[in-house]
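[1] fold the following for me, if possible:
(chains A and B)
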Amino acid sequence: MTSALLEVRNVVRKYPGPPPVLAVDGVSFAVPEGICFGLLGPNGAGKTTTIEMMEGILAPTSGEVLYRGEPIGRRFKEEAGILFQKTALQDFLTVRQSLTMFRGLYSHGLDVDEVIRLCALEKLEKRDTRKLSGGQQQRLLLAIALVNDPKLIFLDEPTTGLDPQARRNFWELVQSIKARRKTIILTTHYMEEAELLCDEIAIMDKGRVIAQGTPRNLLREHFDEVLLELPRQEFPEGARSLPLKVIEASDRVEITTNDLDGTLRKLMDARVPLKDLRIRPPNLEDLFLELTGKELRA
Amino acid sequence: MMKRLFAVWHARNLEFVRDRGTMIFVLVLPIALILGMSFVFGGGERPLFKVGVLAPVVDTQSHPFLGERFTDFVPVTDEADAIRKVSRHSLDLLVDVKSPVRYWVNPSSPKGYIVEKLLLQADPSAHREPVSGDAVRYVDWLFPGILGMNLMFGCIFGVGYVVLRYRKTGFLKRLNATPLTAFEFLTAQVLSRLVLTAVVTSMLFVGIGALINFHVAGSLLLLFVLMLLGALSMIALGLTVAARFSSEEMVGGILNLLSWPMMLLSGVWFSLEGSPQWVQWIAQIFPLTHLLDAARAVMIDGAGIAAISNHLIYLAVTAVAFLAFGAWSFRWRAE
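    Residues are numbered from 1 along each chain as shown, chains lettered A, B, ... in the order given. Here you go, the predicted structure:
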């Protein structure tokens, strides 16, 4: 893995108590140049702690993070662009003034005008940053993350709390950045987002990476089956004893099988109503449920 | 309604009690203020007036005036120096009780005026001697003190709270992800405040100075440099406090703990002449004391750079020391 742009080696992070918390428990992976790498996991899985150690703003308790084979230092800070989950900007400054301030912190980067155009902020450039909507605020924070023309971009849950339209707009922006051959590291708990944007993903749970690979390979590895979905209230108690692979989600049950005919027959024999049955190929959401036993958005 | 009120009241109490920084300062600050006040004004009655007595020790039996209450009689031996102190409002009155009784008073001093009446009541034969040199008006003596106090509060609180807010909102964390260093960040904050302080203080200086018809005896340039150094030292002090903590109450408490004794003990309002030696010694720690001593020397006595060099050096050294300590202990993120 010598070609990795960023490498995480056996990183551990403990938070002192009481009670002490082992937020990240020995995580290793490498991010090759030019891909979009997704870090997925339920709330509390250690995603943010991991990404903050990769960003160099949180020191690991043990283990190391290497950027181009070297510990994180000045070069990393010049070449990385970061979008945190929550960032307040200075009061009373306009969009342009905030961008100009951040541009001034880097020895090279893009023109403020270019970043404004890139993130579609032209109409907002004279607005006080406190008066932006959630989606506009995220676009500005992304613009700040791009102002040094970074090689590596961190996006920590960038669309959490945005409405579907704003989320879609943001995805388009990220795809245009991907097209510029930037390396992106993204955390999210939206599977849709990961499937759309990520070339490679690592799934975290309880401070560890429990699966890693391209979305397609991960799905192939864990499912050679199709999924049957039934509303939960239509799945009778008696059917639970059937020899089927059943995962229960909050509002539905999911049955995975590679013998569709046999399964359907078993369900019909058990008098399970099949009016609302859906059959579909598995997606990342299912993979996640399978691996962690949890729903991602729960 | 009472149930909701109680729920919020109780939750706030828990929050308060668990925030150790707040607890400490809510308890420590009043105690420190009480102790401080009692030491400064202690010894039973609080003296209203400060009278210099030309004698190695003050013998209260030697003259009826020396039995006056609420008056602090300070023995002095150097007559010329004591007269200068009268003219500079460090002493309200100077008396020599050896017959014939003579006294010196600054005609512009309000306290001197009253204490003179007391003396003449006790001894109508006392003879008033002229105060040699310029008698300084009380307002002229107070002027540097007021400017200095304003500067001190602005510097100490101004930057401290800004840095604290930046830390709490996560803005500092975002800056930490850039190549910006702690020293660069702190220096920028200091310089920004320094320019602001310089402009405001200069405006006050010119405005109030014109209003009270004040004439600076010494060099304006020297005074400006002195003001910059004093502001620098106190801004750096405020930053040092805010460098680490994320609790408003904690920072507010420490800043109050620093600024109040400074306001009381640095000679803004009254001279510490005759206070216990150790109080004067503590006052020497405060940057404001050095700023005011030097400013009065330049503004009233026309002192040159050599005469106030020790004050300048003290302010410069403390500024560098506070800033270095602040940069060293600086934290970007709230815990």
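[2] domain ranges for the chain?
    Unless you meant another one, I'm taking chain A. Taking automatic domain parsing as the reference, chain A has its domains at A:4-219, A:225-281.
[3] nope, chain B
    B:49-129, B:138-329.
[4] quick check, the last one touching chain A?
    Yes. Where contact is defined by CB under 8 Å from any CB of the partner chain, part of domain B:138-329 touches chain A, namely B:166, B:169-171, B:173-180. The way it works is simple: take the backbone N, C-alpha and C, and place the C-beta from them, glycine included.
[5] residue contacts, the spatially closest residue to A:Asp163 that is not a sequence neighbour?
    Among residues not flanking A:Asp163 along the chain, A:Gly135 sits closest, at 7.2 Å (CB to CB, 6 or more residues apart in numbering or on different chains). Taking CB atoms under 8 Å, 6 or more residues apart in numbering or on different chains, we find A:Gly135 in contact with A:162-163, A:165-167, A:169-170.
[6] go ahead and list the helix or strand containing A:Gly135.
    Using DSSP states H and E, A:Gly135 sits in helix A:134-146.
[7] report pLDDT for residue 54.
    Unless you meant another one, I'm taking chain A. Looking at A:Met54, its pLDDT is 93.
[8] oops, wrong one, chain B.
    At B:Leu54, the model reports a pLDDT of 88.
[9] doesn't B:Phe73 fall inside a helix?
    No. With DSSP: H, G, I helix; E, B strand; the rest coil as the criterion, B:Phe73 is assigned strand and is not in a helix.
[10] any idea of the pLDDT on it?
    The model's pLDDT for B:Phe73 equals 87.
[11] now do the closest residue to it other than its chain neighbours against B:Pro124, distance only.
    Closest residue to B:Phe73 apart from its sequence neighbours, by CB to CB, 6+ apart: B:Val58 at 4.5 Å. B:Val58 sits 22 Å away from B:Pro124, going by CB to CB, to the nearest Å.
[12] one more: B:Leu223?
    Counting by CB to CB, the gap from B:Leu223 to B:Pro124 is 44 Å.
[13] closest one of the residues of domain B:138-329 next to chain A to chain A?
    Closest to chain A out of those is B:Thr169 (3.4 Å), distances taken as CB to the nearest CB.
[14] which stretches in chain A count as strands?
    Listed in chain order, the strands of chain A (DSSP state E) span A:4-15, A:21-32, A:36-40, A:62-67, A:70-71, A:80-83, A:152-156, A:183-188, A:200-205, A:208-213, A:226-231, A:245-248, A:252-257, A:278-280.
[15] among the ones you listed, which comes closest to chain B?
    Among the strands of chain A, the nearest to chain B by CB to the nearest CB is strand A:80-83 (4.4 Å).
[16] rewinding a little: could the strands of chain A go into a markdown table alongside distance to B:Ala243?
    Shown next, in a markdown table, are the strands of chain A (distance: least, CB to CB, whole Å):
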| stretch | distance to B:Ala243 |
| --- | --- |
| strand A:4-15 | 22 |
| strand A:21-32 | 26 |
| strand A:36-40 | 33 |
| strand A:62-67 | 26 |
| strand A:70-71 | 25 |
| strand A:80-83 | 23 |
| strand A:152-156 | 26 |
| strand A:183-188 | 31 |
| strand A:200-205 | 34 |
| strand A:208-213 | 36 |
| strand A:226-231 | 56 |
| strand A:245-248 | 52 |
| strand A:252-257 | 54 |
| strand A:278-280 | 56 |
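[17] quick revisit: determine which stretch of the domains of chain A is the most buried.
    Mean neighbour count (mean count of other CB atoms under 10 Å in any protein chain shown) peaks for domain A:4-219 among those, with a mean of 18.
[18] how far away is the residue in the stretch 101-250 of chain A that chain B sits nearest to from B:Glu184?
    Chain B sits closest to A:Leu105 of the stretch 101-250 of chain A, with a gap of 4.3 Å, by CB to the nearest CB. Going from A:Leu105 to B:Glu184 by CB to CB gives 9 Å.
[19] need the pLDDT of the residue nearest to A:Glu234 when sequence neighbours are not counted.
    Leaving out its chain neighbours, the residue that sits closest to A:Glu234 by CB to CB, 6+ apart is A:Pro273, at 5.1 Å. A:Pro273 is assigned a pLDDT of 83 by the prediction.
[20] quick one: A:Pro273 from A:Leu230, how far?
    Relative to A:Leu230, and taking CB to CB, A:Pro273 is found at 8 Å.
[21] equivalent analysis for B:Glu15, please.
    47 Å.
[22] so what's A:Tyr106 up against?
    Contacts of A:Tyr106 (CB under 8 Å, 6+ apart): A:78, A:147-148, B:178-179.
[23] rebuild the residues you listed as CSV, extending it with pLDDT.
    CSV is the format used below for those (pLDDT from 0 to 100):
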residue, pLDDT
A:Glu78, 91
A:Val147, 92
A:Asn148, 92
B:Thr178, 88
B:Pro179, 88
